[in-house]
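Novice: next input, structure requested:
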Amino acid sequence: MGNEAQSLSVSSLEQRWLDVVVNEMQVVNGLILVADPADTPALLHRLVQRIPASVRPTERQLLRGLLLEFAFRWSTRLHASAHGGDPAGCTFDGARFLEDFLNDRTGDSRAAFAAWIDRFSSEFLRTHAPSTAMHAARRIRQSYARLVPVPVLARECHTTPVRLAHEFMAQFGMSIPHHRRTVRLVEALGRVRHEKVGAVALSVGYRSAKNFYSAFRALTGMTPTGFRRLPTERAEAVLEFARLALVGYQRPHN
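Specialist: Numbers count the residues shown, from 1 in each chain. Presented below is the predicted three-dimensional model:
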């Protein structure tokens, strides 16, 4: 998927256009990593609306390649996540929707991408009902700053605590308390570079600065102060790794 984009020389492209496109993709990619699957179509349509129009032929070709790669990677990740990382036994064929995108001859990549969003999302949500673990994860995201005991989560999800804990571990690769801590820290990572560390820690549910610093280091390998000193690009990469941890991808060690 990436070869089409990589085969083009970007030296002749207006750098400002390319920077805006890449930045918008990074922003939306970060958001959909932690979003409920039912909310992702709206986030993806936001990307379509915010991407600037391509004018030059090279820009149009590059945008098509970038959007195709984005669609492939996101849909693959979503499908894997819905099956606890292994969708091998599922008969859902997401690739056929990409073929429609790939074969589009209108020349309008944004419109083709928008059509792909609607077709893929509609069929995916129809064939992949949210799991009990996904319901629990949604509830955690909605109230991450306060502790919702596992028995309460289980009751809200119409299951038992033992079954919920088992299904959650199978889908996300971590316990419910670990997931809650990670949700809190992802929220903190998005704010700690621009707000006071103590205020951020308190707002995401930590009553002890020591506990916050310890959890922050465990997730990122550095202190909040060290994170604040990172260049923007490196800080975004750390935040991306943290978001991936939420959906069951192992965080690289620093």
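Novice: Ala71 contacts Glu99, doesn't it?
Specialist: No: counting by C-beta atoms under 8 Å, Ala71 sits too far from Glu99 to count as a contact (11.2 Å). Any C-beta I mention is one placed from the backbone N, CA and C, and that applies to glycine too.
Novice: the more surrounded of these two?
Specialist: Ala71 (22 against 10; other C-beta atoms under 10 Å).
Novice: ok, that one - contacts?
Specialist: By C-beta atoms under 8 Å, 6 or more residues apart in numbering, the residues touching Ala71 are 98, 101, 113, 116, 120.
Novice: name the spans of the stretch 1-150 of the chain whose pLDDT lies under the cut-off.
Specialist: Applying pLDDT under 70 to the stretch 1-150 of the chain picks out residues 1-14, 84.
Novice: can you map out the strands along this structure?
Specialist: Under the criterion DSSP state E, the chain contains no strands.
Novice: point to the residue nearest the middle of it.
Specialist: When C-alpha atoms, centre = their mean is applied to the chain, the residue found nearest the centroid is Leu33 (1.1 Å).
Novice: now do Leu66 against Leu18, distance only.
Specialist: Computed as C-beta to C-beta, to the nearest Å, the Leu66 to Leu18 distance reads 9 Å.
Novice: who has more neighbours out of those two?
Specialist: A count of neighbours by other C-beta under 10 Å puts Leu66 above the other of Leu66 and Leu18, at 21 against 17.
Novice: wouldn't the more buried one be in contact with Glu24 here?
Specialist: No: assessed by C-beta under 8 Å, Leu66 is found out of contact with Glu24, at 10.4 Å.
Novice: look up phi and psi at Pro149.
Specialist: Dihedral pair for Pro149: phi -60, psi 150, per degrees, to the nearest 10.
Novice: can you give me the distance of it to Thr225?
Specialist: For Pro149, the distance to Thr225 (C-beta to C-beta) stands at 33 Å.
Novice: same check, this time on Phe97
Specialist: The gap separating Phe97 from Thr225 is 45 Å, by C-beta to C-beta.
Novice: correct me, but the residue nearest to the centre of the chain touches Leu246?
Specialist: Yes: contact criterion C-beta under 8 Å: Leu33 and Leu246 qualify, at 6.8 Å.
Novice: how about Arg105, what does it touch?
Specialist: Arg105 sits next to no residue when contact means C-beta under 8 Å, 6+ apart.
Novice: relative to Thr132, how far out is it?
Specialist: 43 Å.
Novice: just the pLDDT for Arg181.
Specialist: Note for Arg181: predicted pLDDT of 91.
Novice: without its sequence neighbours, what residue ends up closest to it?
Specialist: Distances taken as C-beta to C-beta, 6 or more residues apart in numbering place Ala215 nearest to Arg181, at 5.7 Å, with adjacent residues excluded.
Novice: would you map out the domains in the chain?
Specialist: 3-127, 132-246 (automatic domain parsing).
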